[in-house]
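Asks: quick one: sequence plus predicted model below, questions after.
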Amino acid sequence: MNKVITVEEAASYIKDGMTVMFGGFLGCGTAVKVVEAIAKNGVKNLTLIGNDTAYPNKAIGMLISNHQVKKLVASHIGTNADTVQQFNDKELEIEFVPQGTLAERIRCGGAGLGGILTKTGLGTVVEEGKRKVEVNGEEYLLELPLHADVALIGASICDEMGNCIYKGTTQNFNPMMATAADLVIVETKELVPTGSISMESVHTPGAYVDYIVK
(Lines give C-alpha, C1' and ligand atoms only; values in the text may rest on other atoms or scores of the structure.)
Protein backbone atom coordinates (compact mmCIF):
# COMPACT_ATOMS: atom_id res chain seq x y z
CA MET A 1 0.00 0.00 0.00
CA ASN A 2 1.31 3.42 -0.96
CA LYS A 3 0.78 5.69 2.04
CA VAL A 4 2.33 8.83 0.54
CA ILE A 5 -0.20 11.55 -0.33
CA THR A 6 -0.12 15.27 -1.08
CA VAL A 7 -0.64 18.03 1.47
CA GLU A 8 -3.96 18.85 -0.16
CA GLU A 9 -5.13 15.24 0.03
CA ALA A 10 -4.19 15.12 3.71
CA ALA A 11 -6.14 18.30 4.47
CA SER A 12 -9.21 16.93 2.67
CA TYR A 13 -9.65 14.30 5.39
CA ILE A 14 -10.43 17.02 7.94
CA LYS A 15 -14.18 17.72 7.92
CA ASP A 16 -16.41 20.17 9.80
CA GLY A 17 -16.97 19.21 13.42
CA MET A 18 -14.12 16.72 13.67
CA THR A 19 -11.86 16.23 16.70
CA VAL A 20 -8.21 16.63 15.71
CA MET A 21 -5.08 15.94 17.76
CA PHE A 22 -1.90 17.80 16.83
CA GLY A 23 1.54 16.98 18.16
CA GLY A 24 4.35 19.30 19.11
CA PHE A 25 5.10 22.21 21.41
CA LEU A 26 4.74 25.81 20.16
CA GLY A 27 4.78 24.48 16.62
CA CYS A 28 7.91 22.34 17.06
CA GLY A 29 6.86 18.85 15.98
CA THR A 30 3.57 20.02 14.42
CA ALA A 31 2.46 19.04 10.91
CA VAL A 32 2.62 22.69 9.81
CA LYS A 33 2.11 22.28 6.05
CA VAL A 34 -1.00 20.17 6.57
CA VAL A 35 -2.33 22.70 9.09
CA GLU A 36 -1.76 25.50 6.55
CA ALA A 37 -3.81 23.57 3.99
CA ILE A 38 -6.60 23.00 6.51
CA ALA A 39 -6.64 26.74 7.19
CA LYS A 40 -7.09 27.40 3.46
CA ASN A 41 -9.90 24.81 3.19
CA GLY A 42 -11.96 26.74 5.72
CA VAL A 43 -13.37 23.77 7.64
CA LYS A 44 -15.06 24.88 10.86
CA ASN A 45 -16.32 23.83 14.29
CA LEU A 46 -13.20 21.77 14.98
CA THR A 47 -12.24 20.43 18.38
CA LEU A 48 -8.46 20.57 18.80
CA ILE A 49 -6.44 18.53 21.29
CA GLY A 50 -2.83 19.55 21.86
CA ASN A 51 -0.41 21.12 24.28
CA ASP A 52 -0.88 24.74 23.13
CA THR A 53 -1.94 26.94 20.20
CA ALA A 54 1.54 28.25 19.31
CA TYR A 55 1.36 31.84 18.09
CA PRO A 56 -1.23 33.91 16.19
CA ASN A 57 -1.38 32.84 12.54
CA LYS A 58 1.50 30.38 13.02
CA ALA A 59 1.29 26.58 13.04
CA ILE A 60 -1.93 25.47 14.75
CA GLY A 61 -2.55 29.10 15.70
CA MET A 62 -3.72 29.71 12.12
CA LEU A 63 -6.87 27.70 12.78
CA ILE A 64 -7.57 29.77 15.89
CA SER A 65 -7.00 33.06 14.09
CA ASN A 66 -9.35 31.90 11.31
CA HIS A 67 -12.11 31.09 13.85
CA GLN A 68 -12.20 27.48 12.67
CA VAL A 69 -12.11 26.04 16.19
CA LYS A 70 -15.08 25.70 18.54
CA LYS A 71 -13.34 23.83 21.38
CA LEU A 72 -9.75 23.44 22.54
CA VAL A 73 -8.30 20.89 24.96
CA ALA A 74 -4.85 22.16 25.95
CA SER A 75 -2.38 22.90 28.73
CA HIS A 76 -1.77 26.58 28.07
CA ILE A 77 -2.71 29.40 25.69
CA GLY A 78 -0.49 32.25 26.89
CA THR A 79 1.61 32.53 23.72
CA ASN A 80 -1.37 33.14 21.46
CA ALA A 81 -3.27 36.41 21.99
CA ASP A 82 -5.99 35.33 19.54
CA THR A 83 -6.78 32.27 21.65
CA VAL A 84 -6.94 34.38 24.80
CA GLN A 85 -9.22 36.96 23.14
CA GLN A 86 -11.63 34.36 21.76
CA PHE A 87 -11.76 32.65 25.14
CA ASN A 88 -12.49 35.92 26.94
CA ASP A 89 -15.15 36.78 24.34
CA LYS A 90 -16.73 33.33 24.88
CA GLU A 91 -16.23 32.47 21.22
CA LEU A 92 -13.98 29.53 22.06
CA GLU A 93 -14.55 26.81 24.65
CA ILE A 94 -11.36 25.70 26.38
CA GLU A 95 -10.77 22.70 28.62
CA PHE A 96 -7.52 23.34 30.47
CA VAL A 97 -5.62 20.17 31.36
CA PRO A 98 -2.32 19.95 33.27
CA GLN A 99 0.42 18.98 30.84
CA GLY A 100 1.29 15.60 32.32
CA THR A 101 -2.39 14.75 32.73
CA LEU A 102 -3.01 15.65 29.08
CA ALA A 103 -0.26 13.29 27.92
CA GLU A 104 -1.60 10.48 30.12
CA ARG A 105 -5.21 10.97 28.98
CA ILE A 106 -4.07 10.67 25.37
CA ARG A 107 -2.00 7.59 26.21
CA CYS A 108 -5.10 6.05 27.81
CA GLY A 109 -7.09 6.77 24.66
CA GLY A 110 -4.54 4.89 22.60
CA ALA A 111 -4.16 1.99 25.02
CA GLY A 112 -7.88 1.39 25.51
CA LEU A 113 -7.76 2.24 29.20
CA GLY A 114 -10.67 3.71 31.14
CA GLY A 115 -8.69 6.63 32.56
CA ILE A 116 -6.02 7.52 35.09
CA LEU A 117 -6.01 8.42 38.76
CA THR A 118 -4.00 11.51 39.67
CA LYS A 119 -3.66 13.98 42.51
CA THR A 120 -2.81 16.76 40.09
CA GLY A 121 -5.57 19.36 40.21
CA LEU A 122 -7.07 18.40 43.56
CA GLY A 123 -8.30 21.48 45.36
CA THR A 124 -8.24 23.59 42.18
CA VAL A 125 -10.67 24.41 39.37
CA VAL A 126 -9.30 21.35 37.55
CA GLU A 127 -11.34 19.06 39.80
CA GLU A 128 -14.69 20.72 39.00
CA GLY A 129 -17.24 18.18 37.76
CA LYS A 130 -14.84 15.25 38.01
CA ARG A 131 -15.20 12.06 39.95
CA LYS A 132 -12.93 11.45 42.94
CA VAL A 133 -11.68 7.99 43.84
CA GLU A 134 -10.14 6.88 47.14
CA VAL A 135 -7.26 4.40 47.02
CA ASN A 136 -5.59 3.23 50.24
CA GLY A 137 -6.94 6.25 52.06
CA GLU A 138 -5.66 8.70 49.43
CA GLU A 139 -7.94 10.78 47.20
CA TYR A 140 -7.42 10.99 43.43
CA LEU A 141 -9.13 12.58 40.44
CA LEU A 142 -10.36 10.25 37.73
CA GLU A 143 -9.22 11.72 34.41
CA LEU A 144 -10.88 10.20 31.36
CA PRO A 145 -9.14 9.11 28.13
CA LEU A 146 -8.93 11.32 25.04
CA HIS A 147 -9.47 10.09 21.49
CA ALA A 148 -9.68 11.89 18.14
CA ASP A 149 -11.01 11.41 14.64
CA VAL A 150 -7.65 12.42 13.18
CA ALA A 151 -4.12 12.85 14.56
CA LEU A 152 -1.70 15.14 12.73
CA ILE A 153 1.85 14.05 13.52
CA GLY A 154 5.11 15.85 12.77
CA ALA A 155 8.03 13.46 12.22
CA SER A 156 11.70 14.12 11.57
CA ILE A 157 12.26 10.95 9.53
CA CYS A 158 9.71 8.51 8.19
CA ASP A 159 10.04 5.54 5.88
CA GLU A 160 7.54 4.59 3.18
CA MET A 161 5.71 2.23 5.58
CA GLY A 162 5.20 4.99 8.14
CA ASN A 163 7.84 4.06 10.71
CA CYS A 164 8.73 7.35 12.38
CA ILE A 165 11.60 8.99 14.23
CA TYR A 166 11.16 12.23 16.18
CA LYS A 167 14.33 14.18 16.84
CA GLY A 168 14.77 16.15 20.06
CA THR A 169 11.71 17.90 21.43
CA THR A 170 9.60 17.09 18.36
CA GLN A 171 8.66 13.98 20.36
CA ASN A 172 6.28 16.12 22.43
CA PHE A 173 2.89 14.35 22.31
CA ASN A 174 3.48 12.82 18.85
CA PRO A 175 4.13 9.19 19.92
CA MET A 176 1.01 8.85 22.06
CA MET A 177 -1.22 10.80 19.68
CA ALA A 178 -0.31 8.39 16.88
CA THR A 179 -2.05 5.67 18.90
CA ALA A 180 -5.16 7.62 19.89
CA ALA A 181 -6.97 8.53 16.66
CA ASP A 182 -9.04 6.76 14.01
CA LEU A 183 -6.90 8.25 11.24
CA VAL A 184 -3.20 9.15 11.57
CA ILE A 185 -1.45 11.46 9.11
CA VAL A 186 2.30 12.00 9.42
CA GLU A 187 4.06 15.01 7.92
CA THR A 188 7.76 14.21 7.72
CA LYS A 189 10.79 16.36 7.00
CA GLU A 190 12.63 13.42 5.47
CA LEU A 191 11.12 10.43 3.68
CA VAL A 192 13.39 7.37 3.33
CA PRO A 193 12.98 3.91 1.78
CA THR A 194 11.50 1.13 3.88
CA GLY A 195 14.28 -0.65 5.76
CA SER A 196 16.41 2.49 6.14
CA ILE A 197 15.43 2.91 9.79
CA SER A 198 16.70 0.34 12.29
CA MET A 199 13.94 -1.32 14.28
CA GLU A 200 15.28 -0.13 17.63
CA SER A 201 15.22 3.50 16.43
CA VAL A 202 11.51 3.59 15.59
CA HIS A 203 9.39 5.79 17.86
CA THR A 204 6.07 5.21 16.08
CA PRO A 205 5.60 1.92 14.19
CA GLY A 206 4.14 2.21 10.71
CA ALA A 207 1.17 0.05 11.74
CA TYR A 208 -0.29 3.16 13.39
CA VAL A 209 0.17 5.41 10.36
CA ASP A 210 -2.43 5.69 7.60
CA TYR A 211 -0.93 8.41 5.40
CA ILE A 212 2.39 10.22 4.93
CA VAL A 213 3.06 13.73 3.64
CA LYS A 214 6.57 14.91 2.76
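Replies: Happy to help now that I have it. Numbers count the residues shown, from 1 in each chain.
Asks: ranges for the strands of the protein?
Replies: Counting by DSSP state E, the chain has strands at residues 19-22, 46-49, 69-74, 93-96, 116-118, 132-135, 138-143, 148-159, 164-165, 181-192, 211-213.
Asks: ok, the fourth one: who's next to it in the sheet?
Replies: As defined by DSSP bridges, the strand partners of strand 93-96 come to strand 69-74 (parallel).
Asks: outside of the partner strand, which residues touch it?
Replies: 44-53, 63-64, 83, 92-97, 102, 146 (Cβ atoms under 8 Å, 6 or more residues apart in numbering). Quick note: C-beta positions are derived from backbone N, CA and C, even for glycine.
Asks: recalculate using a threshold of 6 Å.
Replies: If you take Cβ atoms under 6 Å, 6 or more residues apart in numbering as the criterion, strand 69-74 is touched by 45, 46, 47, 48, 49, 50, 52, 63, 93, 94, 95.
Asks: okay, the fourth one and residue 151: tell me how far apart.
Replies: In this structure, residue 48 and residue 151 are 11 Å apart, going by Cβ to Cβ, to the nearest Å.
Asks: out of the two, which sits in the busier spot?
Replies: Of the pair residue 48 and residue 151, residue 151 is the one with more neighbours under other Cβ atoms under 10 Å, namely 32 against 24.
Asks: beta-bridge partners for the more buried one, please?
Replies: On the basis of DSSP bridges, residue 151 is bridged to residue 21, residue 184.
Asks: surely it meets residue 21?
Replies: Yes: between residue 151 and residue 21 there is a contact under Cβ atoms under 6 Å: 4.3 Å.
Asks: hang on, the earlier thing: ok, of the contacts of strand 69-74, which come out buried?
Replies: Neighbour-count burial (16 or more other Cβ atoms under 10 Å) applied to the contacts of strand 69-74 gives 46, 47, 48, 49, 50, 52, 63, 94.
Asks: for the protein, what's the longest helix?
Replies: Using DSSP state H, we find that the single longest helix of the chain is helix 99-111.
Asks: could you dump the contacts of strand 69-74 to a markdown table with pLDDT and distance to residue 190?
Replies: Below are those laid out as a markdown table (pLDDT from 0 to 100; distance: Cβ to Cβ, whole Å):
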| residue | pLDDT | distance to residue 190 |
| --- | --- | --- |
| 45 | 97 | 34 |
| 46 | 98 | 29 |
| 47 | 98 | 31 |
| 48 | 98 | 26 |
| 49 | 98 | 26 |
| 50 | 97 | 23 |
| 52 | 96 | 25 |
| 63 | 97 | 26 |
| 93 | 97 | 37 |
| 94 | 97 | 35 |
| 95 | 96 | 35 |
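Asks: could I get those in TSV, plus columns for distance to residue 162?
Replies: What follows is those, written out as TSV (distance: Cβ to Cβ, whole Å):
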residue	distance to residue 162
45	29
46	24
47	25
48	23
49	21
50	21
52	26
63	25
93	33
94	32
95	30
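Asks: quick one: pLDDT of the spatially closest residue to residue 77 that is not a sequence neighbour?
Replies: If the residues on either side of it in the chain are set aside, residue 77 comes closest to residue 83, at 4.2 Å by Cβ to Cβ, 6 or more residues apart in numbering. If you check residue 83, the pLDDT there is 97.
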